[in-house]
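Asker: Here you go, sequence then predicted model.
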Amino acid sequence: MAGVGLNSNAIVICIILFIASSSAFYLPGVAPKDYADRDLVGLKVNSLTSTHTQLPYPYYSLPFCAPNPIEDVVENLGEILTGDRIENSLYKIEAGVDYVCKVLCITKLTSDQLKHFAERIEEDYRVQWILDSLPAAVRKPMIDANNRKTFVYDLGFPLGVKGKDIDGGEDGKVYLNNHVNMRIFYHTSEGMQGTRRIVGFEVEAESIDHDTAVTDVQALEQNPDTCIKHPSTKPLGVSGKDEATIVWTYSVKWEYKDLKWASRWDVYLLMTDDQIHWFSIINSLMIVLFLTGMVAMIMMRTLHADIRRYREMENQEDAQEETGWKLVHGDVFRPPSRPLLLSVLVGTGVQVFSMAVITMIFAVLGFLSPANRGGLMTAMVVLFVVMGIFAGYFSARIYKMFKGVHWKKNMLVTAMLFPGIIFAIFFVLNLVLAVEGSSGAVPFGTLVALIALWFGISVPLVFFGSYFGYKKEVEDPPVRTNQIPRQIPEQVWYMKPAFSILMGGILPFGAVFIELFFILSSLWLHQFYYIFGFLSIVFIILVLTCAEITIVMCYFQLCSEDYHWWWRAYLTSGASALYMFLYSIFYFFTKLQITKFVSVLLYFGYTSIMAVGFFVVTGSIGFFACHYFVRRIYGVIKVA
């Protein structure tokens, strides 16, 4: 698939931002389309996907019936980054016209081509089609929470069937699905006489060994019974053959459905039980209430009493007899070790945090609907680039607060460190995908566009933000810093950095791990994730949890007369990313059935990118919360 230009992506985002501020109801590209009788409805093909390999392949990488020429249908950057390769097809579908056993084409396949089909069937590949922006799906019955019979959709349909799934045999044979039954649901509203709006697209695939002795297309179509499976009908085997003649057929049935066009995506998105998400939120709220109680106890009782006693002391000699957080007032604002790195990480966390918040706002408002294919990924990439100005500003401000002087180096590292790590991982994984011939590999032109976004927009914005951040004056600390550092007493085992950091990361992870399960499932089990309302609530709970656990751990640390809190504050909440990565390992071994080394590499490569992003966001939240807390408590005491 050809790369997409930088200007087109910028235009897409500008349109989305413009629509967000207007009163229009439909988003660009997702407005309803009315089809008159016998209008052609274009069926597009997408990548072949498998949850066992996680390697998407172009549809025409297998010898299907192909149009001439094959045309790519690319709309935005997000489609390319998510591995979508949408192309035209030979299927002819007319609005309101039913077909029975219509022949698409007849192909003669060699042994190598048959073997290729057999390998993909063994790997459980599914075919992805798109009709009027709706993905093809297979209806799957289920029982809901109220013990009622309903159904959900499995995206795509199987490329073929294994022998054991047909006759229970273990002979290793595989059968190709060469016939599809399409059910297209339409809705007709008042004032739409003679036109239809497509509200559903279901596909049922079958393996039928047609009479290949008759190669005349008209003769085959005059006998529609050949596409109806009888008990004596044989499936079309593709394993162990030197060559074979494949007859590709399809049937189309149009059915009226009392479903409005605006609700046609509901059945695709209702793939999980809402009760589980409410349980996740209640679980997270309990953690927040527990931490809020601890913070309230510290602030209202312990700290209030400490400050009152400290103010009532008659002289400084009495103060020297005190112990705890008050004794380190002369060292608590001493700059940390490696101040440049910490300031860069905090600035990067603000950048990713801002991107996540704005993306979530657009998603909750419905502007990043799955119907707007690739819109979510496009928005995330462009917003990350634009939010570089915040990374530069906050990184420079914090570095100046640490009395740093190498502000140009700080500016350069902020612009290059995190994007460089992400791009390096992405580039290596992209090379792996390219070697495998996967459609998930980003074309060279798109890589150039990404680099242009990075160096042409993100880097200048980081420089711009850094300039103004370093120019602005920072607030002086509320207490004076001593010239000679105070000696830190020996710490008890549970207050040592490694243990306290690991303990602090558990609660933020505990607040989100249930929602994390659904996110991983949507990514690796090819499901839609569109419950951004739940996700927004969980994200707010995550922010509160990170802030409160960091404040609690910081208070205990200062009470132990350990004033090295800068890095500890960042790492305490940031440690939740470690538990996130460990959970992804658990998810890999319990929920996925991946065996190929390349697929394992892809899983842990992309998961590491998620973990790094989660680390900088949660770490920055903890840093700012602890910084505010420390300034507040030392700002109310009087020091001679």
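Answerer: Cool, the structure landed. Computed from a predicted model, the values in this text were never measured in an experiment.
Asker: Let me know the helix or strand that Leu55 is in.
Answerer: Here Leu55 sits in a region with no helix or strand, counting by DSSP states H and E.
Asker: looking at it, it is touching Ala434, isn't it?
Answerer: No. Counting by CB atoms under 8 Å, Leu55 does not reach Ala434; the two are 11.4 Å apart. (Glycine included, C-beta is placed from N, CA and C.)
Asker: out of the two, which sits in the busier spot?
Answerer: Set Leu55 next to Ala434 and count neighbours by other CB atoms under 10 Å: Leu55 wins out with 24 against 14.
Asker: For the more buried one, list the residues it contacts.
Answerer: Leu433, Glu436, Ser438, Gly440, Lys596, Val598, Ser599, Leu602 (CB atoms under 8 Å, 6 or more residues apart in numbering).
Asker: So for the second one, what pLDDT did the model give?
Answerer: Spelled out, that is Glu436. Note on Glu436: pLDDT of 91.
Asker: likewise the first one?
Answerer: Confidence per residue is given as pLDDT, and for Leu433 that number is 93.
Asker: Tell me which residues touch it, please.
Answerer: Residues counted as contacts of Leu433 (CB under 8 Å, 6+ apart) are Leu55, Gly440, Ala441, Leu602.
Asker: now do 7 Å
Answerer: Gly440, Ala441 (CB atoms under 7 Å, 6 or more residues apart in numbering).
Asker: and it, what helix or strand is that in?
Answerer: helix 407-436.
Asker: okay, the angle between the helix or strand just after that helix and helix 407-436?
Answerer: Using DSSP H and E, the next helix or strand after helix 407-436 towards the C-terminus is helix 444-453. Taking axes from the mean of the first three to the mean of the last three CA atoms, to 10 degrees, one finds helix 444-453 and helix 407-436 inclined to each other by 170 degrees.
Asker: packing partners for helix 444-453?
Answerer: In terms of contacts (3 or more CB pairs under 7 Å, 6 or more residues apart in numbering; DSSP states H and E), helix 444-453 is packed against helix 6-20.
Asker: Moving C-terminal from the helix it packs on, which element do we reach first?
Answerer: Next along the chain after helix 6-20, with elements defined by DSSP H and E, is strand 35-36.
Asker: contact partners of whichever helix or strand comes after that next one?
Answerer: Once strand 35-36 ends, the next helix or strand along the chain (criterion: DSSP H and E) is strand 43-45. Residues outside strand 43-45 that contact it (CB under 7 Å, 6+ apart) are Tyr59, Val73, Ile86, Glu87, Asn88, Ser89, Tyr91, Ile93, Trp129, Ile130, Leu131.
Asker: ok so, going back, for the helix holding Leu433, list every residue counted as buried.
Answerer: 407, 410-419, 422-423, 426, 429-430, 432-433, 436 (16 or more other CB atoms under 10 Å).
Asker: got it, and stretch 594-605?
Answerer: Quick answer for stretch 594-605 (16+ other CB under 10 Å): Ile594, Val598, Ser599, Leu602, Tyr603, Phe604.
Asker: now the residues you listed as TSV including distance to Thr110, pLDDT and secondary structure?
Answerer: Shown next, in TSV, are those (distance: CB to CB, whole Å; pLDDT from 0 to 100; DSSP: H, G, I helix; E, B strand; the rest coil):
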residue	distance to Thr110	pLDDT	secondary structure
Ile594	30	86	coil
Val598	26	91	helix
Ser599	28	92	helix
Leu602	31	93	helix
Tyr603	34	94	helix
Phe604	37	95	helix
